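K.L.:
Show me how the following folds:
(one chain, ligands or ions: 1)
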Amino acid sequence: MSAAITLDPRDRGGPAQPLLSVDGLKKYFPVRGGLLNRQVATVQAVDDVSFSVRKGETLGIVGESGCGKSTTARLLMRLMDPDAGSIVFDGDPVGERAGITVNEMRRQMQMVFQDSYTSLNPRMTMAESIAYAPRMHGTPRKEAFDRADTLLAQVGLNPRQYARRYPHELSGGQRQRVNIARALALEPRLVILDEAVAALDKSVEAQVLNLLGDLKSRFNLTYLFISHDLNVVEYMSDRVMVMYLGRVVETGPVEQIYRRPRHPYTRALFASKPTLDPDRRTTEMPLTGDPPNPINPPSGCRFRTRCAFAKDVCAQSAPPLAAPLDGEVADGPPHLVACHLPEAQAAMGANTHA
Ligand code: SF4
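P.N.:
A predicted model of the protein is given here:
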């Protein structure tokens with residue numbers, strides 16, 4: 001889905017200024033054990049992650065379970081504090097004296113989670129759930145409930161039929177529509193969709209994806225779309241960021257990443273994707289084995305224990321995100337890859353996804 005940038009009255013830095021810029025984000029979780037419950041190890045969940053999201057685009061984040069994509073989303077929402085790194089929202093550093101507060105950032109940045117049932121308060125009706133945040137921000141009761149009705153209609157649920165229902169009276173797809181309406185209640189600019197369609201049946205998933213596309217245009221939204229489903233990410237995203245074991249290994253426009261992935265991990269991930277389309281078959285080896293333990297990740301390139309191209313240099317230093325080593329430069333946003341070796345970036349099967 002292509003990005004349509006229209007000016008938002010709240011836009012401070014113009015359409016060229018990224019809506020979200022993340023620099024050096026890091027989150028390590030302590031592992032405790034023993035009689036004294038001392039810290040015995042550290043899980044490096046997110047390690048030096050940097051990226052930006054342009055106004056009006058959808059950035060898809062993909063990777064295996066445990067790669068750090070959901071932790072990254074929670075750090076952005078400040079559902080947990082980062083150990084290091086900075087988050088800048090439309091030019092304003094978040095949580096710093098010269099920037100915007102975490103509360104203000106949360107008003108402009110909302111999140112939809114995978115589990116539609118636990119995301120809703122079982123004792124609140126749908127209208128109450130949607131009106132809750134605006135009420136907390138001082139919107140008069142009637143105005144908040146009128147807006148809840150409008151939002152229910154905009155996500156395809158008749159307010160007369162659904163406004164007074166409780167979560168257990170709705171299907172999973174209907175509940176996720178309510179969660180989307182609730183996320184829009186404070187008129188956010190950026191919505192993080194964390195596996196938001198993963199629990200839905202395929203037919204319902206398609207409806208919700210189309211709804212998200214419509215709402216994006218209607219409300220001038222920017223999306224961060226997190227999913228393990230490569231087909232869904234391709235359908236939804238303008239750009240893609242691939243994560244492995246807490247780090248970004250490749251990022252770029254969706255056509256380039258899907259047509260000519262450069263990082264051996266990205267190619268192996270795509271090779272693991274089932275397809276009936278003969279034009280999309282690849283001779284690349286699919287991923288084998290589990291990712292290494294994030295408590296003790298490999299030195300240097302974290303993918304080296306599963307990479308068929310690994311050499312000594314791969315254990316010595318972490319490769320930085322940089323332009324592909326064959327020097328090929330395409331128009332538009334940069335295609336960046338974190339890999340030391342040109343031969344690994346141009347390996348067999350690299351262009352068989354077209
Ligand atoms: Fe493989 Fe080395 Fe490239 Fe890592 S840096 S992906 S181990 S070739």
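K.L.:
CA atoms for contacts and neighbours, from now on please.
P.N.:
Noted.
K.L.:
show me the contacts for Asn296.
P.N.:
Asn296 is in contact with Val43, counting by CA atoms under 8 Å, 6 or more residues apart in numbering.
K.L.:
list the contacts for the closest residue to the ligand within the stretch 151-300 of the chain?
P.N.:
Closest residue of the stretch 151-300 of the chain to the ligand, CA to the nearest ligand atom: Pro264 (5.3 Å). Contact analysis of Pro264 by CA under 8 Å, 6+ apart lists Cys307, Ala344, Gln345.
K.L.:
mind checking pLDDT for it?
P.N.:
Note on Pro264: pLDDT of 95.
K.L.:
Check Thr275 too.
P.N.:
On the pLDDT scale, Thr275 gets 65.
K.L.:
With Met111 instead?
P.N.:
96.
K.L.:
Shouldn't it be within a helix?
P.N.:
No. Assigned with DSSP: H, G, I helix; E, B strand; the rest coil, Met111 falls outside any helix and is strand.
K.L.:
Just give the closest residue to it, not the sequence neighbours.
P.N.:
Leaving aside its sequence neighbours, Met111 sits nearest to Ile192 (CA to CA, 6 or more residues apart in numbering; 4.5 Å).
K.L.:
hang on, isn't the one you found packed against Met109?
P.N.:
Yes. Using CA atoms under 8 Å, Ile192 is in contact with Met109, at 7.4 Å.
K.L.:
What does the residue nearest to Met111 show for phi and psi?
P.N.:
Note on Ile192: backbone dihedrals following degrees, to the nearest 10 are phi -100, psi 120.
K.L.:
Identify the residues contacting it.
P.N.:
Ala73, Met109, Gln110, Met111, Val112, Tyr223, Leu224, Phe225, Ile226.
K.L.:
among the residues you listed, which two are most distant?
P.N.:
Met109 and Ile226 (14.8 Å; CA to CA).
K.L.:
Give the rounded mean pLDDT of stretch 228-238.
P.N.:
The model assigns stretch 228-238 a mean pLDDT of 95.
K.L.:
Give me the buried positions along that stretch.
P.N.:
His228, Leu230, Val232, Val233, Glu234, Met236, Ser237, Asp238 (16 or more other CA atoms under 10 Å).
K.L.:
Now the fourth one. Nearest residue, chain neighbours left out?
P.N.:
Right, Val233. Nearest to Val233 is Gly60, by CA to CA, 6+ apart, at 5.7 Å.
K.L.:
Just say helix, strand or coil for the one you found.
P.N.:
strand.
K.L.:
For it, give its distance to Asp115.
P.N.:
19 Å (CA to CA, to the nearest Å).
K.L.:
ok, these two, which is more surrounded?
P.N.:
Gly60 (28 against 19; other CA atoms under 10 Å).
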